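Participant: output the structure for:
(2 chains)
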Number of protein chains: 2
Amino acid sequence: MFQERLKEVAGLVETRLQKALADDANQPVTEAMRYTLRGGKRLRAFLVMESARLHGIKDALNAAAAVEALHAYSLVHDDLPCMDDDDLRRGQPTIHVKWDQATAVLAGDALQTLAFDLLSDPACHHDPAVRIALVSGMAKASGIRGMVLGQALDIAAETAPDPLTLEQITELQAGKTGALIEWSATAGAVLGQADTTPLATYARDLGLAFQIWDDVLDVEGDATKVGKAVGKDSDAGKATFVSLLGLDGAKARARALIDDAEAALVPYGKDAETLRECARFVISREM
Amino acid sequence: MFQERLKEVAGLVETRLQKALADDANQPVTEAMRYTLRGGKRLRAFLVMESARLHGIKDALNAAAAVEALHAYSLVHDDLPCMDDDDLRRGQPTIHVKWDQATAVLAGDALQTLAFDLLSDPACHHDPAVRIALVSGMAKASGIRGMVLGQALDIAAETAPDPLTLEQITELQAGKTGALIEWSATAGAVLGQADTTPLATYARDLGLAFQIWDDVLDVEGDATKVGKAVGKDSDAGKATFVSLLGLDGAKARARALIDDAEAALVPYGKDAETLRECARFVISREM
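Facilitator: All right, here's what the predicted structure looks like:
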């Protein structure tokens, strides 16, 4: 059920994203945006759509598309030579490889803007108060107290004399990936003007487990499945959840977090089954 | 009166911007944000504050700070080696020179986010519908149909076989600087929930005149006053308003636009005197 729904959401979101760029001129920057908005697991969009469904919201596509646009911006900039310097993303050449760095910077910039554009559109929700709550939440999740802080801490760690502690790496990941996952999973409650607490707890556990599993895949993964270079972090001597907890310890920690995530969904009963499946997927995925 | 008000606005906006970052950790990226948010003419903030005053809005500081954060993001990214490759901005080393490129990319990213954060805050306006209108307008002014498109056209022009025509360069500048100037000058009417038409006309004429005058300064300016390298565009053989219209022709066109801009302010009577002075300043400035 989870895989079918993930696939369905991916199709819907991709259509909405490509539509958002349909009228734009064929500049390299728009081509690059369209290119990078293709594919991906769409886990964040799925979280938006499923949390919306739990609250009786039928159309959450603008919010789902917005978070994927924001996520895409972060990937494009993270892949730049001055950042993580990755040539491959989802098995395809990254934008600065296929076009050039200027196009990658601009496409990332415009993808961030597109996210806020999609959220502020009346198609997102009829009530401006709801739309502004989503905008405000996304600005906080993605800015200097969220995603950008996480990325900055990650870069600082590269040249730090000592490897990060477990506490530091947890803070880093809470910013880098956790904040946006939390925004996604709570978006449905915001759209439904309901309590966001249970979904926020679910998302924090899920987000951390997701990141731990990424570190596991960096050690155990198959590059052809992961779609990018593996062994990069461990080879670089960077602290990861695996280097700090050991491979078995990291897996056990991820599993415990997923148990907690599932427990947080109790208030939603059987309706939350797909979100439970999603949590289990996070620690079984091979990419 | 204009100069005093500009200086007053600059002080107020700088305080608001530094306050927005006051609680943040001393990472290079936050230091770089604080560094780049210091100084500048604050013309966009002035337009927000003065158009707000015309509509009886007492506090427009969040909107004014937001547009300066967005403008700062565009400058930081435009200065990158892969874009315009400028080492100097307002007479000071640019971020990628003082820190590094990764810090410049991230600081620019976070400055864009900060702009949307400031607009979505209740301190911006009590009515969510007004805040979302400002967010939506800024997303459109700064995204792939506004500022980013202008910058992309500018980069494409560098390698185009033929220099741009007057029509093309006007379209480029309308996106690159015009859209955000229009957002700024109409922000007061949006905050006051009034008709934006007269201020939009004023802003379009002002924005184009501003850009023409930048080209004039690139030829006639004194690098110590302009605060960045001059003669760069003309040396590079790029089409500019001066190369297309001649120096006298460009000046005459800018003056005609400023006459039109002043005419658009008639509905506001004497209250708009500072905005009129601002228009005249744009074509008399030496930096």
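
Participant: contact residues of the stretch 151-287 of chain A facing chain B?
Facilitator: Applying C-beta under 8 Å from any C-beta of the partner chain, one finds that the stretch 151-287 of chain A approaches chain B through A:Q151, A:A152, A:L153, A:I155, A:A156. Placement of C-beta: from N, CA and C, glycine included.

Participant: mind checking which of the residues you listed are in helices?
Facilitator: Within those, residues falling in helices by DSSP state H are A:Q151, A:A152, A:L153, A:I155, A:A156.

Participant: among those, list the two that are farthest apart in space.
Facilitator: Distance extremes for these: the farthest pair is A:Q151 and A:A156 at 9.8 Å, using C-beta to C-beta.

Participant: more crowded one of those two?
Facilitator: Higher neighbour count among A:Q151 and A:A156: A:Q151, with 24 against 17, using other C-beta atoms under 10 Å in any protein chain shown.

Participant: wouldn't that one be in contact with A:D78 here?
Facilitator: Yes - the pair formed by A:Q151 and A:D78 meets the contact definition of C-beta atoms under 8 Å, at 6.5 Å.

Participant: quick check, A:G137 in contact with A:A185.
Facilitator: No - checked against C-beta under 8 Å, the pair A:G137 and A:A185 is beyond contact range at 11.5 Å.

Participant: count the residues that sit near the closest residue to chain B within the stretch 151-287 of chain A.
Facilitator: Among the residues of the stretch 151-287 of chain A, A:A152 lies closest to chain B, at 4.2 Å counting by C-beta to the nearest C-beta. By the other C-beta under 10 Å criterion, the neighbourhood of A:A152 contains 25 residues.

Participant: element containing the nearest residue to it once chain neighbours are set aside, please.
Facilitator: Closest residue to A:A152 in three dimensions, ignoring its sequence neighbours and counting by C-beta to C-beta, 6 or more residues apart in numbering or on different chains: B:V29, at 4.2 Å. Counting by DSSP states H and E, the secondary-structure element that holds B:V29 is helix B:28-36.

Participant: so which elements touch that helix?
Facilitator: For helix B:28-36, the helices and strands in contact under the criterion 3 or more C-beta pairs under 8 Å, 6 or more residues apart in numbering or on different chains; DSSP states H and E are helix A:147-159, helix B:61-78, helix B:95-98, helix B:101-120.

Participant: hmm, back to that, mind listing what the residue of the stretch 151-287 of chain A closest to chain B touches?
Facilitator: A:A152 makes contacts with B:Q27, B:P28, B:V29, B:T30, B:T103, B:L106, as judged by C-beta atoms under 8 Å, 6 or more residues apart in numbering or on different chains.

Participant: please apply the same query to A:L47.
Facilitator: Residues touching A:L47, when contacts are defined by C-beta under 8 Å, 6+ apart, comprise A:I181, A:S184, A:A185, A:A187, A:A203, A:L275, A:C278.

Participant: three-state assignment of the first one?
Facilitator: Translated: A:I181. Secondary structure state of A:I181, per DSSP: H, G, I helix; E, B strand; the rest coil, is helix.

Participant: how about the helices in the stretch 101-250 of chain A?
Facilitator: Using DSSP state H, counting those that start in this stretch, the helices of the stretch 101-250 of chain A run over A:101-120, A:128-142, A:147-159, A:166-173, A:179-191, A:197-220, A:223-226, A:232-235, A:241-264.

Participant: which phi and psi does the nearest residue to A:E158 once chain neighbours are set aside have?
Facilitator: With sequence-adjacent residues excluded and distances taken as C-beta to C-beta, 6+ apart, A:E158 is closest to A:K238, at 7.1 Å. Reported as degrees, to the nearest 10, the phi and psi values for A:K238 are phi -70, psi 150.

Participant: got a pLDDT number for A:K238?
Facilitator: Reading off the confidence values, A:K238 has pLDDT 79.

Participant: same check, this time on A:E220
Facilitator: If you check A:E220, the pLDDT there is 86.

Participant: what's the burial count for it?
Facilitator: Residues contacting A:E220 under the criterion other C-beta under 10 Å number 15.

Participant: quick one: pLDDT of the residue lying closest to it once chain neighbours are set aside?
Facilitator: Spatial nearest neighbour of A:E220, chain neighbours left out: A:L247 (7.3 Å); criterion: C-beta to C-beta, 6+ apart. On the pLDDT scale, A:L247 is placed at 95.

Participant: my read: A:L247 touches A:D215, true?
Facilitator: No - between A:L247 and A:D215 there is no contact, the gap being 9.3 Å when judged by C-beta under 8 Å.

Participant: those two: which is more packed in?
Facilitator: When neighbours are counted by other C-beta under 10 Å, A:D215 comes out ahead of the other of A:L247 and A:D215, with 25 against 14.

Participant: residue contacts, that one?
Facilitator: Under the criterion of C-beta under 8 Å, 6+ apart, the contact partners of A:D215 comprise A:D233, A:T240, A:F241, A:V242, A:A250.

Participant: could you rerun that using 6 Å?
Facilitator: Applying C-beta atoms under 6 Å, 6 or more residues apart in numbering or on different chains, one finds that A:D215 lies in contact with A:T240, A:F241, A:V242.
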